[in-house]
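Visitor: pasting a predicted model and its sequence here:
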Amino acid sequence: PRGRRDLSRLALARTPPFALERYFAEHEFSCKISACSSDTEAISLNDVLALMDAETRRLWDEQSLGYTEVKGHPAMLALLAEAYGLE
């Protein structure tokens, strides 16, 4: 139809590579020492799970990848309210 964008011809296809991203793509994991990393040291999922108390682990084990309430999960909202003194 007229006026409809052809997604295969978006301007992004002609955008030049972002120099910093290209630099990191080439050197980020091959250098001996990285003095400019902005991310945290990776932790395994097993290490995270080992830190959970029984209730948190139960919530994790029962978690699905579906949607939750629009405002957020009630447990998360309760923790945020407590943290900000809004109980």
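Guide: Nice, I can see it. Keep in mind it's a predicted model, so treat the numbers as computed, not measured.
Visitor: check what pLDDT the residue nearest the centre of the chain gets.
Guide: The geometric centre of the chain, computed from its C-alpha atoms, lies nearest to Asp39 (CA atoms, centre = their mean), at 11.6 Å. Reported pLDDT at Asp39 in the predicted model: 71.
Visitor: measure Thr68 to Pro74 for me?
Guide: The gap separating Thr68 from Pro74 is 9 Å, by CB to CB, to the nearest Å. All C-beta atoms are positioned from the backbone trio N, CA, C, and that covers glycine.
Visitor: can you give me the buried ones in stretch 74-87?
Guide: Within stretch 74-87, no residue qualifies as buried by neighbour count (16 or more other CB atoms under 10 Å).
Visitor: which other residues reach that stretch?
Guide: For stretch 74-87, contacts defined as CB atoms under 8 Å, 6 or more residues apart in numbering pick out Leu59, Lys71.
Visitor: tell me the secondary structure for the residue nearest to the centre of the chain?
Guide: What DSSP: H, G, I helix; E, B strand; the rest coil gives for Asp39 is coil.
Visitor: and it, what does it touch?
Guide: Shown in contact with Asp39 (CB under 8 Å, 6+ apart): no residues.
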